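Novice: Would you be able to build a 3D model of this:
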Amino acid sequence: MRSFTYHVPTEIVFGAGTEKEAGRLCQKYGGRRVLVVSGGGSARRSGLLDRLCGYLEQAGCTPILFEGARPNPVVAHAREGVRLALAERADMLLAVGGGSAIDTAKAIAIGARQPENDLWEIWRRGLPVTERLPVGVVLTIPAAGSETSASAILSDPDTCEKRSVRSPLNVPVFAVLDPQLCATLPRRQVACGVVDILMHTLDRYFNRVFDNETSDALAEAVLRTVVRNGLPAVTDPSDSHAMSELMWCGSLSHNSLTGLGGTRDFAVHKLGNELSACFDIIHAESLSAMWTAWAEYVCASHPQRFTRLGQAVWGLPGDAPAYRTIEAVRAYFQALGMPVSLTELGIPAGQAPRLADCCSQSGQKTIGAFCVLDRQDMERIYAAAY
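Specialist: Reported below is the predicted structural model:
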């Protein structure tokens, strides 16, 4: 194993019925006036928001609702949350939902303790994160892994920019993982979640260190479990076994455990983020649409990594060429009903130069660690993704 520093302080409360622990956990971590951040309305329609407010009140906490988190969290909405948190003297955030609600809550938690700095200045310019309110999570969608990660993403549709902030302070203090809350998810959301989990693991697995045996074995185990349970969960979201496995894999996929000792690649994420920023594409769909083009472009640099992935996760022969692994991943995305090209996403032709400019910040930035990509590389990958 290569050197690393690892610290994930999130308290995980996992299992059926654990939603009832939310009030006790908020109280445990100092919450008295709790800003409850949720998304587009499913938590309200299902009755979950009302139940959580009840649990909070029973624990002596005052819930303050802030709804409307978008699939690609926008800075303007997070600013509204900061203003509400300050006006209501919130001392804790409780995110209810998936990555969008969680990242919105993380942004509000930072902005409410650093009101002298505009949120977008922190995200776009990389201003240091020095304080934040504690964030708890009630997860309803196994996907982004934000419940255990140090990252938070915001977008600015006005400038077509999507930026991430990584800080140890972004890691939630607790996460309630109740698989029963996923039973009524639409198939498309489950499929997007499966892709998100796979890609958070793959973007760590594809690094240039090939002798971190434990990290690789953990990554491969997560990938196998997701591949095995993804289709059953998409077919029947009430499949409690499949959904519980996905929910735990989602947390493991983004808490850095599966990439310790290596350097995160995340080139596919960077390429996909520009699709979300410029065309409001759902995050997971941007990843499935870009992966094949990226993989075909870089596989010649380290084909053995693709061969190992194909053998360990898809059961391919040990001497199978790298392209067989790429075909297997692409076919799995298609079986989930996910897009595998920019054409399927409806991205107009001829956008590769613009997207490459955005992703490279006009040629000022490279991406990737498995294979470092400059602006020209990015344009070629975007063009091939059609």
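Novice: Give me the pLDDT for Ala242.
Specialist: With respect to pLDDT, Ala242 scores 97.
Novice: where does it land in three-state SS?
Specialist: What DSSP: H, G, I helix; E, B strand; the rest coil gives for Ala242 is helix.
Novice: Identify the residues contacting it.
Specialist: 229-230, 232-233, 236 (CB atoms under 8 Å, 6 or more residues apart in numbering). To be clear about C-beta, it is placed using only N, CA and C from the backbone, and glycine gets the same treatment.
Novice: switch the cut-off to 7 Å
Specialist: 229, 232-233 (CB atoms under 7 Å, 6 or more residues apart in numbering).
Novice: Among these, which one has the most neighbours?
Specialist: For these, the largest neighbour count, defined by other CB atoms under 10 Å, is 29 neighbours, found at Ala233.
Novice: secondary structure element for that one?
Specialist: Following DSSP states H and E, one finds Ala233 within helix 213-235.
Novice: List the buried residues in that helix.
Specialist: Of all the residues in helix 213-235, those buried under the rule 16 or more other CB atoms under 10 Å are 215-216, 218-223, 225-227, 229-234.
Novice: Show residues contacting that helix.
Specialist: 1, 187, 190-191, 194, 197-198, 201, 204-205, 239, 242-243, 245-246, 249, 252-253, 257-262, 312-313, 332, 335-336.
Novice: Mind giving me the PyMOL command for buried ones among those?
Specialist: Here is the PyMOL command that selects only those of those that count as buried (16+ other CB under 10 Å):
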select buried, resi 190+191+194+197+198+201+204+205+239+242+243+245+246+249+252+253+257+258+259+260+261+262+312+313+332+336
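Novice: where exactly do the strands run in the chain?
Specialist: For the chain, the strands defined by DSSP state E cover 11-14, 33-38, 62-66, 92-97, 135-139, 151-156, 161-166, 174-177.
Novice: Turn those strands into TSV, columns for mean pLDDT and distance to Arg324.
Specialist: TSV is the format used below for those (pLDDT from 0 to 100; distance: least, CB to CB, whole Å):
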stretch	mean pLDDT	distance to Arg324
strand 11-14	97	36
strand 33-38	98	43
strand 62-66	98	48
strand 92-97	98	37
strand 135-139	98	35
strand 151-156	94	32
strand 161-166	92	33
strand 174-177	98	35
